[in-house]
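>>> predicted model and sequence below, questions to follow.
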Amino acid sequence: MLAVSALLACASCISPSVLQPDQRALELSGADVAWRPASVDDVPGTYISTELSGQLAASLRKLVYLFQAGGTYTGAALIDGDPPRFQTISGTWTMAEGSLCLDGGPPARIEIAPDGSIKLSGEEGSVVLRREREQ
């Protein structure tokens, strides 16, 4: 509780600033990324979504996944609803022919960027997930 109070106190000390309209837009460089097919060794890690598109974007605000080398995963999705809520899932993952399958479900094409981010693309849309630093 003390830590939360300290963070709130510090936040109130930050002076406001005004950005010009051209400085307000979020810069997405997904088009400039040199994606390549991912291998099974690329998958293990913790990821947080940075971009959602297609039907996924209509119902989800954020995705978090932890893929483990042994073929298990756990994840959480922030569902955009009234009220918004988290839904968790755990299971197994496999890879075949450049696609990732969760729990034997439909395959999603998986690609990896030089920074370790992964992109999953399927019939319902695509998601770009940033690899988090291991702690």
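It's in.
>>> could you pick out the longest strand of the chain?
strand 85-96 (DSSP state E).
>>> for the residue most central in space within the chain, helix, strand, or coil?
Closest to where the C-alpha atoms of the chain average out (C-alpha atoms, centre = their mean) is S49, at 1.7 Å. Using DSSP: H, G, I helix; E, B strand; the rest coil, the structure places S49 in strand.
>>> now for it: which residues touch it?
L60, K62, L63, V64, V127, V128, L129, R130 (C-beta atoms under 8 Å, 6 or more residues apart in numbering). C-beta coordinates here come from the backbone N, C-alpha and C atoms, glycine included.
>>> export stretch 114-123 as CSV, just CAs?
Output of stretch 114-123 as CSV, limited to C-alpha atoms (Å, rounded to 0.1, in the frame of the first residue of the first chain):
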residue,chain,number,x,y,z
PRO,A,114,14.8,-9.7,-35.3
ASP,A,115,13.8,-8.2,-31.9
GLY,A,116,12.2,-11.5,-30.9
SER,A,117,8.6,-10.4,-31.4
ILE,A,118,6.3,-12.9,-33.0
LYS,A,119,3.3,-12.5,-35.3
LEU,A,120,0.5,-15.0,-35.4
SER,A,121,-1.9,-14.9,-38.4
GLY,A,122,-5.0,-17.0,-38.9
GLU,A,123,-8.6,-16.9,-40.1
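>>> I appreciate the help and will end here.
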